[in-house]
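> Using only what follows, build the 3D model:
(chains A and B)
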Amino acid sequence: MSIPSDLKYTKSHEWVKSEADGTVSIGITHHAQELLGDMVFVELPQVGDTFTQKQECAVAESVKAAADVYSPISGEVVEINTPLVDNPENINQDAFGAWLFKLKPSNPAELDGLLDAAGYQEVLDNEDH
Amino acid sequence: MLKKTPLNQAHREMNAKMVDFGGWDMPLHYGSQLEEHHKVRQDAGMFDVSHMLPVDIKGDNARGFLRQLVANNVDKLTIPGKALYTCMLTPQGGIIDDLIVYFLSESWFRVVVNAGTADKDVEWILKQRDALATALEITPRRDLAMIAVQGPNARAKLWQVIPDSQAATEELKLFQSTTHNQFFIARTGYTGEDGFEIIVPADEAPAFWKALYAAGVAPAGLGARDTLRLEAGMNLYGQDMDETKTPLESGLGWTVDLKSERDFIGKQALLDAKVTQQLVGLVLLDRGVLRSHQKVVAQHNGSELEGEITSGGFSPTINQSIALARIPAEISPDDDVHVLVRDKKLRVKVVKYPFVRNGKVLI
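Numbering: from 1, shown residues only, chains lettered A, B, ... in the order given. Below you'll find the predicted structure:
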């Protein structure tokens, strides 16, 4: 599975997509869902919640385990992917399409500090060893 | 260095995701744990359970030895091939392991013990042998492999694979076994579905496994094994019970014979015990997933009582989270019961388990 080049990434396996309206979509990577296995539950934040960078913001649970999702950047939640709550398996089927929530960044400069596709690939390569 | 079953290579060829399971390199799943679960409930799946250990007990009066060794009564085993589920206890009544005893002849019984406890079990059995029945021969059988074929179509698919096995095993009732050529075939399992557990010589296991696969039996990993047994309300050693718990507080009172005159290790402790806890089933009413070690809180007659989930997870058949939990004996299904999950108090219903049997939801 190739890593989309138009997204940014964290070492903790979240992806971030910059939307045209200045918000960002956030999800978990293909690698993360592979580690977790079949997803059965997601706990999303509420619209209006504010997070600082690296703060716990959601939970993704598989048949195997519960995994915390950390906010890649600081900001306020402006939208959540409600249909995902009833179809958590969408994360397995299309991890880079199944966004969890959208954030309005409070410090857009934090985006520049995130990994690009090559940087994230390096993280994965190191994990395999 | 992880221990490997004779099927290790076969798992890898089938792209299994392998994990360290108590020191054994075992398949967690072969792609999707959920699909494997459904396959067993609806059709037929197979599990490598060769990490479990058959131990043969041979010699005069093997039965007399087992009468003392285990908590269930082996005198229930009257027909050769008959099997019995039982606990083996410490003198204090704690569960050393749960196991199945097969009665093959008066001079040959076979017990099958859990992988994680196998060394401890063998040591314990040898110690009791030395004290009680020195002439008995105790033989751990690491030369054997074990495969569980489970599901509504499991028996029919096995019959396609082993020549003449249908005639040999069709009449077997639950918890009966027979020997057919090099195969030891028992109508037992850990999924709540019909099927067989088959013991074969280790070197023949890979070919047998592949033949089952060719007959349409899906390989299933430890992940599905765990969700299937949880739905079936079957205890897992190390989670739902251990040496600090008696069978009476582990939902296994039915496996203990306290009525007969027979004495067995742990009997007096059980007779003296005041049972203050019970193992119950929980069904989550809110969204989320119950996991082992989460705290259970119950309102009972105006006071708050606490317990703990021993096994929890998502039930693929019910499409809801379920759990086994050890809670104070006085809590009843009518009490208001919650489970603490992270910062939330989720509503649960106390139910009698099993949750699922033979493909049907029972709760």
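
> So which residues of chain A form strands?
A:8-9, A:14-18, A:24-28, A:39-43, A:50-51, A:56-62, A:66-70, A:75-80, A:101-105 (DSSP state E).

> residues in contact with B:R129?
B:F65, B:L136, B:I138 (Cβ atoms under 8 Å, 6 or more residues apart in numbering or on different chains). The C-beta positions use only the backbone N, C-alpha and C, and glycine is treated the same way.

> rerun at 6 Å
Taking Cβ atoms under 6 Å, 6 or more residues apart in numbering or on different chains, we find B:R129 in contact with B:L136, B:I138.

> now swap in B:V217 and tell me
So B:V217 contacts B:A44, B:M46, B:V149, B:K157 (Cβ under 6 Å, 6+ apart).

> these two touch, right, B:L158 and B:V149?
Yes. In this structure, B:L158 is within contact of B:V149 by Cβ atoms under 6 Å, at 5.3 Å.

> ok, what's across the strand from B:L99?
Beta-bridge partners recorded for B:L99 (DSSP bridges): B:T86.

> At the contact with chain B, which residues of chain A appear?
Taking Cβ under 6 Å from any Cβ of the partner chain as the test, the list of chain A residues beside chain B reads A:G37, A:D38, A:V40, A:F41, A:E61, A:V63.

> Buried members of the residues you listed into ChimeraX, please.
A single ChimeraX command selects the buried members of the residues of chain A next to chain B (16 or more other Cβ atoms under 10 Å in any protein chain shown):
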select /A:37,38,40,41,61,63
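
> Quick check: of the residues of chain A next to chain B, which lies closest to A:D125?
Here the nearest of those to A:D125, counting by Cβ to Cβ, is A:G37; it sits at 21.8 Å.

> surely that closest one meets A:E61?
No. Under the criterion of Cβ under 6 Å, A:G37 is not in contact with A:E61, lying 10.4 Å apart.

> need the longest helix for the chain.
By default, I'm working from chain A. In chain A, with assignment by DSSP state H, the single longest helix is helix A:117-127.

> that's the wrong chain, I wanted chain B
Max-length helix for chain B by DSSP H is helix B:118-132.

> Flag every buried residue along it.
Under 16+ other Cβ under 10 Å, the buried positions of helix B:118-132 are B:A118, B:D121, B:V122, B:W124, B:I125, B:Q128, B:R129.

> Turn the residues of chain A next to chain B into JSON lines, columns for pLDDT and distance to B:Y213.
Below are the residues of chain A next to chain B laid out as JSON lines (pLDDT from 0 to 100; distance: Cβ to Cβ, whole Å):
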{"residue": "A:G37", "pLDDT": "93", "distance to B:Y213": "22"}
{"residue": "A:D38", "pLDDT": "95", "distance to B:Y213": "21"}
{"residue": "A:V40", "pLDDT": "95", "distance to B:Y213": "27"}
{"residue": "A:F41", "pLDDT": "96", "distance to B:Y213": "32"}
{"residue": "A:E61", "pLDDT": "96", "distance to B:Y213": "31"}
{"residue": "A:V63", "pLDDT": "93", "distance to B:Y213": "23"}
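
> and which of the residues of chain A next to chain B is nearest A:G119?
A:G37 (25.8 Å).

> Contacts only, for that closest one.
A:S62, A:V63, A:K64, B:Q33.

> Identify the spatial nearest neighbour of the last one, chain neighbours not counted.
Take B:Q33 and drop its neighbours on the chain: the residue closest to it by Cβ to Cβ, 6 or more residues apart in numbering or on different chains is B:G223, 3.7 Å away.

> looking at the contacts of A:G37, which has the most residues close by?
B:Q33 (27 neighbours; other Cβ atoms under 10 Å in any protein chain shown).
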